[in-house]
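Participant: everything below, folded, please.
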Amino acid sequence: MVTTQPPPPPSTRARIRTRSKRSFERTLASAKRTMLLSEVVRLAIDSFKASKVRFALTALGMVIGSASIILVVTIGLTGKQYILSELQKIGTNMVVLEYEGGGAGAINEYRNDFLTHDDERAVEEQVTGVAQSSPMLEMHDRVTFPGGVAKDVLVLGVNPQYKQVRNLIVLSGRFFDEEDETTHTPAAVVTETFAREMFGTPDAAINQTFQISGLPFTIIGTFKESVDTFGQSEISDETILVPYSVARYFTGTDNVKQIFFSIRDQNDVEEASKEIVAVVHSRHLASSVYKTSTLTALLTTASLIANALTVILLLVSAVTLAVGGVGIMNIMLATVRSRIREIGIRKALGATAREIKLQFLIEAVFISLSGGIVGAVLGLALPLSVRIFTSYNLPISPWSVIIALVTSTAIGIIFGTLPANRAAQMDPVESLKYE
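Facilitator: Below is the predicted model:
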């Protein structure tokens, strides 16, 4: 006896039909995705191979733009590195302390409350970040040069550590040492300009004698600043450095104009400068005003200026990329016009507007990205060659390469959208009739 199973209820049949429909839709969607990810890309590459010269010339603008972005960033970083290195030669760890004013005593009485050599010693003892220091006495005198010409010269009384604090370069001879300071030796270290004007050459000036306020001084060395400050520092063209212990006898006081400090860690400069002012304030009248000067703000400003200039140059380079993008758009519009029948055939065979649009968009991105890659290689070639064949270590930013490639891709998408949309919107019947 044959038994037959009853047919499933209507609700079950409905669920089966729904699952079958969803399965079919997933299969269809999968087929479309396969078309998008493989066939469309392959068609775009085939189109590129068929017109290599035209696409290569189109990508030339992107090559130039991408290479210029990398070179501009390299030039900007090199300039920034040079500026900061020059400023660091002046002394990025340096703190200059000076008296600004104030110091009222009794009612209606005013007196100066200058810095002293004891203030320097107190700061060295209480501020752990201080590595070296030097007081500075300032005097002016008239010195007679060969030919009977008398000039006003600047005489600074400093201690031996002043050389390290100010990063001075000794050109000939030596800088005075602790023994010269202790024995009150009338020794002088003069600028290169002073030595040339007085004795002809820096070497000829060594062991020569001249007078300051009637006292004979022997030149033991010549010096210059690590970076030419063009007279904007305490050192001028004709400056004479003498031991502080000797300069005291000319002034007859322990008061000093400025005190120079060198901080161990550059990151502690600002904090150390606050501590220095606090220590000095504790030793003087509450109404006295003292200030410190550092190069930290100048370094920050120089860095910001260099970055701003780099950004401006990058924007100029972006114009080149935009011009290359316009070229890509024009070529793609011409490509769409020459392939109208191909578009009509593809649509007649079932290609969707989305697939047509994606194909031409991929072609535009392929052109722009290819140009970007070639441009990035060329842009990196110059700084790498300089690094390999010279002693200069030009900075190379990986971000410049990323920016160049991302920008190239974005240019392809932006300027390839119009031709791709125009191709996707074509009527298949009219396209097939096109001659």
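Participant: got the end-to-end distance for stretch 161-175?
Facilitator: End-to-end distance of stretch 161-175 (Cα to Cα, to the nearest Å): 10 Å.
Participant: what's in contact with it?
Facilitator: Contacts with stretch 161-175, where a contact means Cβ atoms under 8 Å, 6 or more residues apart in numbering, come from 89-91, 94, 132-134, 136, 160, 189, 192, 195, 202-203, 205-206, 219-226, 235, 241, 260-262. Bear in mind the C-beta positions are built from the backbone N, C-alpha and C, glycine included.
Participant: recalculate using a threshold of 6 Å.
Facilitator: The contact list for stretch 161-175, computed with Cβ atoms under 6 Å, 6 or more residues apart in numbering, reads 89, 91, 132, 134, 189, 192, 202-203, 206, 220-224, 226, 260, 262.
Participant: in strands, which of those residues fall?
Facilitator: Secondary structure from DSSP state E places 132, 134, 189, 220-224, 260, 262 of those in strands.
Participant: list only buried entries from the residues you listed.
Facilitator: 132, 134, 189, 220-223, 260, 262 (16 or more other Cβ atoms under 10 Å).
Participant: same list (the residues you listed) but as TSV, adding pLDDT.
Facilitator: Putting these into TSV (pLDDT from 0 to 100) gives the following:
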residue	pLDDT
132	88
134	90
189	93
220	93
221	92
222	92
223	91
260	90
262	88
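Participant: need those residues in TSV (columns: distance to residue 343).
Facilitator: As requested, those are arranged in TSV below (distance: Cβ to Cβ, whole Å):
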residue	distance to residue 343
132	78
134	82
189	84
220	89
221	84
222	82
223	79
260	78
262	74
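Participant: what's the closest of the ones in strands among the contacts of stretch 161-175 to residue 142?
Facilitator: Residue 142 lies nearest to residue 189 out of these, by Cβ to Cβ, at 19.6 Å.
Participant: immediately after the longest helix seen in the chain, which helix or strand?
Facilitator: For the chain, the longest helix by residue count, based on DSSP state H, is helix 296-338. With elements assigned by DSSP states H and E, the helix or strand that comes after helix 296-338 is helix 340-348.
Participant: now do that next one: distance to the chain's middle.
Facilitator: Chain-centre distance of helix 340-348: 53 Å, with Cα atoms, centre = their mean, to the nearest Å.
Participant: contacts for the helix or strand hosting residue 154, please.
Facilitator: Counting by DSSP H and E, the element that carries residue 154 is strand 149-158. Outside of strand 149-158, the residues within contact range by Cβ under 6 Å, 6+ apart are 134, 136-144, 212, 236, 238-242, 244, 247.
Participant: list the buried residues in it.
Facilitator: 153-158.
Participant: include pLDDT and distance to residue 320 when you put those into TSV, please.
Facilitator: Putting these into TSV (pLDDT from 0 to 100; distance: Cβ to Cβ, whole Å) gives the following:
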residue	pLDDT	distance to residue 320
153	87	55
154	88	52
155	91	57
156	91	53
157	91	58
158	92	54
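Participant: low-scoring stretches of the stretch 51-200 of the chain, by residue?
Facilitator: Applying pLDDT under 70 to the stretch 51-200 of the chain flags the ranges 88-92, 103-111.
Participant: mind listing the helices for it?
Facilitator: All helices of the stretch 51-200 of the chain, identified by DSSP state H, counting those that start in this stretch, fall at 52-91, 117-126, 162-165, 178-182, 192-199.
Participant: could I get the buried residue list for the fourth one?
Facilitator: Neighbour counts using 16+ other Cβ under 10 Å place 180-181 of helix 178-182 among the buried residues.
Participant: re the thing from before, so which of the helices of the stretch 51-200 of the chain is the most surrounded?
Facilitator: Neighbour counts (mean count of other Cβ atoms under 10 Å) averaged over each of the helices of the stretch 51-200 of the chain peak at helix 162-165, with a mean of 21.
Participant: how much space between residue 353 and residue 422?
Facilitator: 11 Å (Cβ to Cβ, to the nearest Å).
Participant: now residue 307
Facilitator: Taken as Cβ to Cβ, the span from residue 307 to residue 422 is 41 Å.
Participant: so which of these two has more stuff around it?
Facilitator: residue 422 (17 against 13; other Cβ atoms under 10 Å).
Participant: which positions within the host helix or strand of that one qualify as buried?
Facilitator: Assigned by DSSP H and E, residue 422 falls within helix 398-424. Buried positions in helix 398-424, judged by neighbour count with 16+ other Cβ under 10 Å: 400-401, 403-405, 407-408, 411-413, 415-417, 419-420, 422-424.
Participant: got it, and stretch 334-349?
Facilitator: Buried positions in stretch 334-349, judged by neighbour count with 16+ other Cβ under 10 Å: 335-336, 339-340, 343-344, 346-347.
Participant: what's the end-to-end length of that stretch?
Facilitator: Taking Cα to Cα, the first and last residues of stretch 334-349 lie 23 Å apart.
Participant: and for stretch 333-346?
Facilitator: End-to-end distance for stretch 333-346, by Cα to Cα: 18 Å.
Participant: please give the centre-to-centre distance between that stretch and its chain.
Facilitator: Centre to centre, stretch against its chain (Cα atoms, centre = their mean), the figure for stretch 333-346 is 49 Å.
Participant: what mean pLDDT does that stretch have?
Facilitator: Here stretch 333-346 scores 80 as its mean pLDDT.
Participant: residue 370 is nearest to which of the helices of the stretch 51-200 of the chain?
Facilitator: Minimum separation from residue 370 across these (Cβ to Cβ) falls at helix 52-91, 5.3 Å.
Participant: average pLDDT for stretch 302-317?
Facilitator: Averaged over stretch 302-317, pLDDT sits at 81.
Participant: just the CA trace of that stretch, in CSV.
Facilitator: The C-alpha trace of stretch 302-317 is given here as CSV (Å, rounded to 0.1, in the frame of the first residue of the first chain):
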residue,chain,number,x,y,z
ALA,A,302,60.2,79.9,13.1
SER,A,303,58.7,76.4,13.0
LEU,A,304,55.2,77.8,12.4
ILE,A,305,56.4,80.1,9.6
ALA,A,306,58.2,77.3,7.9
ASN,A,307,55.1,75.0,8.1
ALA,A,308,52.9,77.8,6.7
LEU,A,309,55.2,78.4,3.8
THR,A,310,55.2,74.6,3.1
VAL,A,311,51.4,74.6,3.1
ILE,A,312,51.3,77.5,0.7
LEU,A,313,53.7,75.8,-1.7
LEU,A,314,51.6,72.6,-1.4
LEU,A,315,48.5,74.6,-2.5
VAL,A,316,50.5,75.9,-5.5
SER,A,317,51.3,72.2,-6.3
